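>>> My questions are about this predicted structure, shown below with the sequence.
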Amino acid sequence: MATSTNRAAYAALVLAALCSGVSTATTKYALGVFTATDLLLVELTVATAALWSLPRVRRSARTGFRRGYLALGLLEPGLAYALFNLGLERTSAADAAVLVSLESVVIALFAAVFLGERLSGPLMIGATLGVGGAVLLAAHEAHTGASLTGNALVVAGVVAAAGYSVAARRLAPGGDPAVVTAYQLAAALTVAVLAWSVTAAAGGSTLDRPSLVPWGAAVATGLVGSAIPFLLYTFAVVRLPASRTGLPLNLIPVFGVLSAVVLLGERLGVTQVLGGCLVVVGLGAAQVRAPDTEPCRP
């Protein structure tokens, strides 16, 4: 039986997945006008400013600081988001959604290798069903607009994000989620500034061209795609075994498809509906008689 703390952590992960799914639509729209590094700079600036504006963060920033928080931020959202944005510029949104869903499996494998967490049968079945459902979500479109380079960049971002999920179990236990997230975003912003500086020097910036609507999409991406989900994810990731934190991430493609329908006017196919159902079934299967366990070694 899950404790109330675990239920709250799972609820936070699902809400984080909802935010990330919605931000898929805003990111896709913004990338039609901004470059990948432009968007990364804008979204992380907005997210960092939002977190550091919280009185709670300002009060606890000095006493709650750990250098490990900066390392976490360099992994995700810093490196992971930079790679994902670059990949999404070069591949289809369908392929990107499929590849991002692999994060739950990579997290489970990393947790087994680096944290000694057991991979239960229900957990692996749930993760497999979730990935299969994510594949179905975009199966009828996955052959269009794809790029091998873009797909490789997205996979690299997935690996960086999975590494963050496992590292957070070691580097952020007991930390105030708001403070941890604020330092993460500050570290990630340095990555964004460096990446943008390089591309801008080569004439690759479009920050002076977009109109109000793309800017609104970029700002929304910073809040809904970075600040809010990272705060929720940091709250959950230190309260659950790392192998379980990836399971609700399979919901991101579901929420992403629904957001594309509502916000971008895309049509929803039968295959995508079936895929979404499979993701939900997978999440349920992972919880059947599979109570949370602590890592096998300290």
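Sure, I can see it. These figures come from a predicted structure and were not determined experimentally. Numbering: from 1, shown residues only.
>>> in the chain, which spans are strands?
With DSSP state E as the definition, the chain shows no strands.
>>> now for the longest helix anywhere in it, which elements pack on it?
Looking across the chain with DSSP state H, the single longest helix is helix 4-30. Contact analysis of helix 4-30 by 3 or more CB pairs under 8 Å, 6 or more residues apart in numbering; DSSP states H and E lists helix 80-90, helix 93-100, helix 212-222, helix 228-237, helix 251-264 as its packing neighbours. Glycine gets a C-beta too; all of them are placed from N, C-alpha and C.
>>> out of those, nearest to residue 7?
Distance to residue 7, taken as CB to CB, is lowest for helix 228-237 among the helices and strands packed on helix 4-30, at 10.7 Å.
>>> what pLDDT, on average, does the closest one get?
Across helix 228-237, the average pLDDT comes to 82.
>>> Okay, angle between that helix and helix 4-30 too, please.
On the basis of axes from the mean of the first three to the mean of the last three CA atoms, to 10 degrees, helix 228-237 is oriented at 150 degrees to helix 4-30.
>>> CA-only coordinates of helix 228-237 in PDB, if you can.
Output of helix 228-237 as PDB, limited to C-alpha atoms (Å, rounded to 0.1, in the frame of the first residue of the first chain):
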ATOM      1  CA  ILE A 228       6.600  24.200 -12.800                       C
ATOM      2  CA  PRO A 229       7.400  20.600 -13.900                       C
ATOM      3  CA  PHE A 230      10.900  20.700 -12.500                       C
ATOM      4  CA  LEU A 231       9.600  21.900  -9.100                       C
ATOM      5  CA  LEU A 232       7.100  19.000  -9.100                       C
ATOM      6  CA  TYR A 233       9.700  16.500 -10.300                       C
ATOM      7  CA  THR A 234      12.200  17.500  -7.700                       C
ATOM      8  CA  PHE A 235       9.600  17.100  -5.000                       C
ATOM      9  CA  ALA A 236       8.800  13.600  -6.200                       C
ATOM     10  CA  VAL A 237      12.200  12.300  -7.300                       C
END
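>>> which residues are in contact with it?
By CB atoms under 8 Å, 6 or more residues apart in numbering, the list of residues contacting helix 228-237 from outside reads 9-10, 12-13, 15-17, 19-20, 23, 47, 51, 77, 165, 168-169, 172, 175, 177-178, 180-181, 184-185, 245.
>>> Compute the number of surrounding residues for residue 9.
By the measure other CB atoms under 10 Å, the count of residues near residue 9 is 24.
>>> Can you give me the distance of it to residue 169?
13 Å (CB to CB, to the nearest Å).
>>> residues contacting the spatially closest residue to residue 42 that is not a sequence neighbour?
Leaving aside its sequence neighbours, residue 42 sits nearest to residue 218 (CB to CB, 6 or more residues apart in numbering; 4.3 Å). By CB under 8 Å, 6+ apart, the residues touching residue 218 are 26, 30, 34, 38, 39, 42, 43, 46, 210.
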